[in-house]
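# Predicted coordinates and the sequence they were generated for:
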Amino acid sequence: MTTLQAVFEKARAEDRAALVGYLPAGFPTKDGAVAAATAMVEGGCDVIEIGLPYSDPLMDGPTIQDAVHRSLTNGTRIADVLRTVEQVARTGAATLVMTYWNPVDRYGPERFARDLASAGGAGTITPDLTPEEAGPWLEASRAAGIDTVFLIAPSSTEERIARVVECCTGFVYAASLMGVTGTRDTVSAAAEGLVKRARAHTTLPICVGLGVSSGAQAAEVARYADGVIVGSAFIKRLLDAPDEASGLAAVRALAEELARGVR
């Protein structure tokens, strides 16, 4: 049983959805990212996505773009991402890397998969990698024993959903809307329909991301999804905090609120 499988089995046994939190490595600082992710786990996150900073984050909204820019300014490199994963994985949370494909391709798929596994990483989320081009990565991930997560969207056809979930081994990432990341006042109504469509093609857990920022929204999504993914809301707490201690307290409090919601 993989780390991710254990997380979702535990959540299912407790009759709740899993809580997944996202934070870029190197933000607000290299050590600060570890401290913030640890606070998120202490608050109730079951899974942590560590973002690999990239200069052209096409899927990311302004909040995550701001955090990624600060991370790059801090000189964050792949080695720092792997160190972050290693330290966060020690908390016991399943720890993934969310990354665009180009950095992995340049680093070397086999090398990246092997190094991530050595750091204790559970797998990757690759938002811009298509099934048609995923062969080398699937092979490298399988050899390293890590899970792969791909995205589906409300615009995905039935054929496309079937093709994408076939590549997934950890869970399926259901993007709740078309557009970039960011908090919203409401979660898109398309999310529930997308989850239902995906369930017709896979028995894997399905997690919903993009737009969740409160316990009430987390509770809404947890009614029909196996996991609730939150990123921008955590980052905003850190961006708005006057100092590091306040930021850590804020992300821990948000995680606690969201954890109550998924339950």
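Happy to help now that I have it.
# low-confidence ranges in the stretch 51-200 of the chain?
Within the stretch 51-200 of the chain, the segments meeting pLDDT under 70 span 57-59, 177-188.
# what's downstream of the longest strand along the chain, the next helix or strand?
Criterion DSSP state E: the longest strand present in the chain is strand 18-24. Sequence order places helix 30-43 as the next helix or strand after strand 18-24, per DSSP states H and E.
# for the most centrally placed residue in the chain, helix, strand, or coil?
For the chain, the residue whose C-alpha lies nearest the mean C-alpha position (C-alpha atoms, centre = their mean) is E49; its distance is 3.8 Å. Assigned with DSSP: H, G, I helix; E, B strand; the rest coil, E49 falls in the strand class.
# need the contact list for it.
20-23, 96-98, 125, 229, 231 (C-beta atoms under 8 Å, 6 or more residues apart in numbering). Heads up, the C-betas are built off the backbone N, CA and C, glycines and all.
# Reformat those residues as a markdown table; add neighbour count and distance to T73.
Formatted as a markdown table, these follow (neighbours: other C-beta atoms under 10 Å; distance: C-beta to C-beta, whole Å):
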| residue | neighbour count | distance to T73 |
| --- | --- | --- |
| V20 | 29 | 26 |
| G21 | 28 | 23 |
| Y22 | 26 | 19 |
| L23 | 30 | 16 |
| L96 | 30 | 24 |
| V97 | 26 | 20 |
| M98 | 21 | 20 |
| I125 | 25 | 24 |
| I229 | 28 | 26 |
| G231 | 28 | 19 |
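# now, which of the residues you listed sits nearest A175?
Distances from A175 to those, taken as C-beta to C-beta, are shortest for I229 (9.4 Å).
# can you give me phi and psi for that closest one?
Phi and psi for I229, reported as degrees, to the nearest 10, are phi -110, psi 130.
# quick one: contacts for it?
20-22, 49, 173, 207-210, 212.
# now those residues as a markdown table including distance to K196?
Shown next, in a markdown table, are the contacts of I229 (distance: C-beta to C-beta, whole Å):
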| residue | distance to K196 |
| --- | --- |
| V20 | 20 |
| G21 | 25 |
| Y22 | 24 |
| E49 | 24 |
| Y173 | 16 |
| C207 | 14 |
| V208 | 12 |
| G209 | 17 |
| L210 | 17 |
| V212 | 18 |
